[in-house]
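In: what's the 3D shape of this:
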Amino acid sequence: MTTKNKEKIKELITQCKIYRFSTEESLNYLEENGYKISDRTLRRIKNEMNEHVSDRFIEIAKYEHVDETFRSLDTLKMIEKKYWQLLTQNPTINEQIKINNAICDIQGAILAMLQGVPTLEKMKEILDFRVAECEKYTKKASVA
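Out: Coordinates of the predicted model:
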């Protein structure tokens with residue numbers, strides 16, 4: 001099994017977990033997607049994936065929360081920009097009202113997100129705490 005194939009299989013196994021598939025359903029799903037593996041191989045790969053759970057928590061604590069916040073803000077700003085563009089296309093009065101209401105809603109959502117974002121100093125404090133917590137659990141898991 002190549003590294004590329006193994007990564008694709010891991011992605012598919014993650015999907016199986018999300019869909020809450022049984023082992024048999026997972027094996028069928030993998031086979032339907034071009035990867036016929038044994039029950040034993042499936043268990044081995046799942047165990048490998050579970051060994052890295054604590055690393056994943058640390059990764060989330062360090063980066064993903066911030067990335068998701070920025071992605072959400074960027075998406076809202078992109079949608080807002082499209083609404084402003086729609087206003088320049090001579091919409092009817094009813095459409096103008098709907099577009100203006102949508103812009104107000106988006107601006108409110110952006111403001112709410114920004115008010116919920118802690119200062120950089122506070123964010124660093126939170127992330128340091130989360131990383132320390134994750135590392136504590138990693139040490140406990142390795143001892144057990």
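
In: and Thr2, how far from Lys8?
Out: 9 Å (Cβ to Cβ, to the nearest Å). The C-beta positions use only the backbone N, C-alpha and C, and glycine is treated the same way.

In: which one of the two is surrounded by more residues?
Out: Lys8 (16 against 7; other Cβ atoms under 10 Å).

In: host element of Ile79?
Out: Element membership for Ile79, per DSSP states H and E: helix 65-87.

In: okay, domains of the chain per the record?
Out: Per the record, the chain has its domains at 3-51, 53-143, by automatic domain parsing.

In: redo these as CSV? Include mean pLDDT.
Out: Rendered in CSV, the data for the domains of the chain read as follows (pLDDT from 0 to 100):
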stretch, mean pLDDT
domain 3-51, 93
domain 53-143, 81
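
In: now do the buried residues in the helix holding Ile79.
Out: Across helix 65-87, burial judged by 16 or more other Cβ atoms under 10 Å covers Leu76, Ile79, Glu80, Tyr83, Leu86.
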